[in-house]
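Undergrad: for reference, the sequence and a predicted model appear below.
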Amino acid sequence: MSQSLALAKKPHVVIATPGRLIDHLENTKGFNLRALKYLVMDEADRILNMDFETEVDKILKVIPRDRKTFLFSATMTKKVQKLQRAALKDPVKCAVSSKYQTVEKLQQYYIFIPSKFKDTYLVYILNELAGNSFMIFCSTCNNTQRTALLLRNLGFTAIPLHGQMSQSKRLGSLNKFKAKARSILLATDVASRGLDIPHVDVVVNFDIPTHSKDYIHRVGRTARAGRSGKSITFVTQYDVELFQRIEHLIGKKLPVFPTQDDEVMMLTERVTEAQRFARMELREHGEKKKRTRDDAGDNDDTEGAMGVRNKVAGGKMKKRKGR
Ligand SMILES: Nc1ncnc2c1ncn2[C@@H]1O[C@H](COP(=O)(O)OP(=O)(O)OP(=O)(O)O)[C@@H](O)[C@H]1O
């Protein structure tokens, strides 16, 4: 309703997702795009990848053919070229580089570890790089939530951000991270594009991206606007092929992030206990959700559900003296 009122004032600029725009075109009285002069598509390849094609086609049908169209993305695809043919007159392509590139001030590493030790290595890295702000990417909402609980059980200030959270919870998470009240943001690819948070120092690909182009967007959350940053990609026995594809895409062989395996193994016991608590909390959280059937009102960011938080011995893991 408030959006309809805003549109009634005939704004000069409307920023929308394709679906929302279609909704207003179909249901908001008096709203149309017949006078549109400029169409801008940010993250153009994603708009197509995410099955927005039908919506985009609908929009293209109701806007003037005589207009200027801009498509932006760090990773252009053949699909975008298709769209160029379908919707553009005299298109011009403007590219910073002919191949996919990451910025020079980004130090990129990988670690090759057995899948079952991922959590332990994550905790080790967070301790090693303590004092930094981290964005950690997971492949599913569930793993994002689980890993956030695990880290909180170990005393880290971690907060999840994923598509199963309500919009207000997502904004809440983001704002806490932006305000530096939380130093670790765990996210799915919902946060891999567009977010401009200058203080992100380290991006961790906890689950390797399945689409190698997503790698470029994820690591682009750090080392922005001339700053420096680090990225560490976890590669397990199952991820070798995907990792090779990433290296091929960026045209670089990445160095290994140095780890002291004996020190990592010393963390195993506490991490295992924290995993157990995290599983319990996740189960309780799921059952509570089922009972209340109220997604929005629930503790999506799980902070309120932390009955067993910090029960793992010692709370936040301290680095040993002399290191
Ligand atoms: N010419 C400039 N000089 C200085 N800072 C700039 C300039 N252009 C952009 N910036 C800053 O760089 C940061 C990144 O800009 P922006 O978010 O527009 O990049 P982007 O290309 O859309 O990134 P992505 O698509 O990866 O999310 C912002 O903080 C912005 O203020």
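TA: That came in fine, so what should we check first? Residues are numbered from 1 along each chain as shown.
Undergrad: list the contacts for the closest residue to the ligand within the stretch 51-200 of the chain?
TA: The minimum distance from the stretch 51-200 of the chain to the ligand, using C-beta to the nearest ligand atom, falls at Asp196 (3.9 Å). Any C-beta I mention is one placed from the backbone N, CA and C, and that applies to glycine too. Residues near Asp196 by C-beta atoms under 8 Å, 6 or more residues apart in numbering: Arg224.
Undergrad: next one: the one 3 residues further on
TA: Contacts for His199 were tallied using C-beta under 8 Å, 6+ apart; they are 133, 180.
Undergrad: the residue of the stretch 51-200 of the chain closest to the ligand: what secondary structure?
TA: Using DSSP: H, G, I helix; E, B strand; the rest coil, the secondary structure recorded for Asp196 is coil.
Undergrad: check the one 3 residues further on too.
TA: When states are read from three-state DSSP, the local structure at His199 comes out as coil.
Undergrad: report pLDDT for it.
TA: You'll see His199 listed with a pLDDT of 96.
Undergrad: ok, now how distant is it from Asp66?
TA: Taking C-beta to C-beta, to the nearest Å as the criterion, His199 is separated from Asp66 by 44 Å.
Undergrad: and what of Ala191?
TA: If you go by C-beta to C-beta, the gap between Ala191 and Asp66 works out to 37 Å.
Undergrad: now swap in Ala223 and tell me
TA: Counting by C-beta to C-beta, the gap between Ala223 and Asp66 amounts to 40 Å.
Undergrad: break the protein into its domains for me.
TA: With automatic domain parsing as the criterion, the domains of the chain are listed as 15-87, 106-310.
Undergrad: which one of these lies closest to Tyr100?
TA: Nearest to Tyr100, of all the domains of the chain, is domain 106-310, at 5.4 Å by C-beta to C-beta.
Undergrad: off-centre distance for that closest one?
TA: 9 Å (C-alpha atoms, centre = their mean, to the nearest Å).
Undergrad: what does the stretch 1-150 of the chain have sitting close to the ligand?
TA: Taking C-beta under 6 Å from any ligand atom as the criterion, the stretch 1-150 of the chain approaches the ligand at residues Ala74.
Undergrad: tell me where the stretch 1-150 of the chain has strands.
TA: All strands of the stretch 1-150 of the chain, identified by DSSP state E, counting those that start in this stretch, fall at 38-41, 68-71, 106-112, 134-137.
Undergrad: and what of the stretch 151-300 of the chain?
TA: 158-161, 184-187, 202-205, 229-235.
Undergrad: counting by contacts, list what the last one packs against.
TA: Under the contact criterion of 3 or more C-beta pairs under 8 Å, 6 or more residues apart in numbering; DSSP states H and E, strand 229-235 touches strand 106-112, helix 118-128, strand 202-205, helix 212-219, helix 240-250.
Undergrad: give me the mean pLDDT for the first one.
TA: Averaging pLDDT along strand 106-112 gives 98.
Undergrad: need the nearest residue in space to Thr236, chain neighbours excluded.
TA: Leaving aside its sequence neighbours, Thr236 sits nearest to Ser115 (C-beta to C-beta, 6 or more residues apart in numbering; 4.0 Å).
Undergrad: the one you found reaches Val235, doesn't it?
TA: No - with contact taken as C-beta atoms under 8 Å, Ser115 and Val235 are classed as non-touching, separated by 10.0 Å.
Undergrad: tell me who's in contact with Lys213.
TA: With contacts defined as C-beta under 8 Å, 6+ apart, the neighbours of Lys213 are 45, 75, 77, 100, 249.
Undergrad: just those: which has the poorest pLDDT?
TA: For the contacts of Lys213, the weakest pLDDT value sits at Thr77, with 68.
Undergrad: OK, contacts around the residue of the stretch 151-300 of the chain found nearest the ligand?
TA: When C-beta to the nearest ligand atom is the measure, the stretch 151-300 of the chain has its nearest residue to the ligand at Ala225, with 3.3 Å between them. With contacts defined as C-beta under 8 Å, 6+ apart, the neighbours of Ala225 are Pro198.
Undergrad: just the pLDDT for it.
TA: Ala225 is assigned a predicted lDDT (pLDDT) of 93.
Undergrad: go on, Thr188?
TA: The pLDDT attached to Thr188 in the predicted structure is 96.
Undergrad: residues contacting it?
TA: 137-141, 144, 161-163.
Undergrad: so which of the residues you listed are in helices?
TA: With DSSP state H as the criterion, helices contain 141, 144 from among the contacts of Thr188.
Undergrad: please pick the buried ones from the contacts of Thr188.
TA: Neighbour counting over these (16 or more other C-beta atoms under 10 Å) leaves 137-138, 141, 144, 161-162 as the buried ones.
Undergrad: include pLDDT and distance to Leu88 when you put those into TSV, please.
TA: Supplementary listing: the buried ones among the contacts of Thr188 in TSV, determined by pLDDT from 0 to 100; distance: C-beta to C-beta, whole Å:
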residue	pLDDT	distance to Leu88
Phe137	98	33
Cys138	98	37
Cys141	96	36
Thr144	97	37
Leu161	96	34
His162	94	34
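Undergrad: brilliant, that's me finished.
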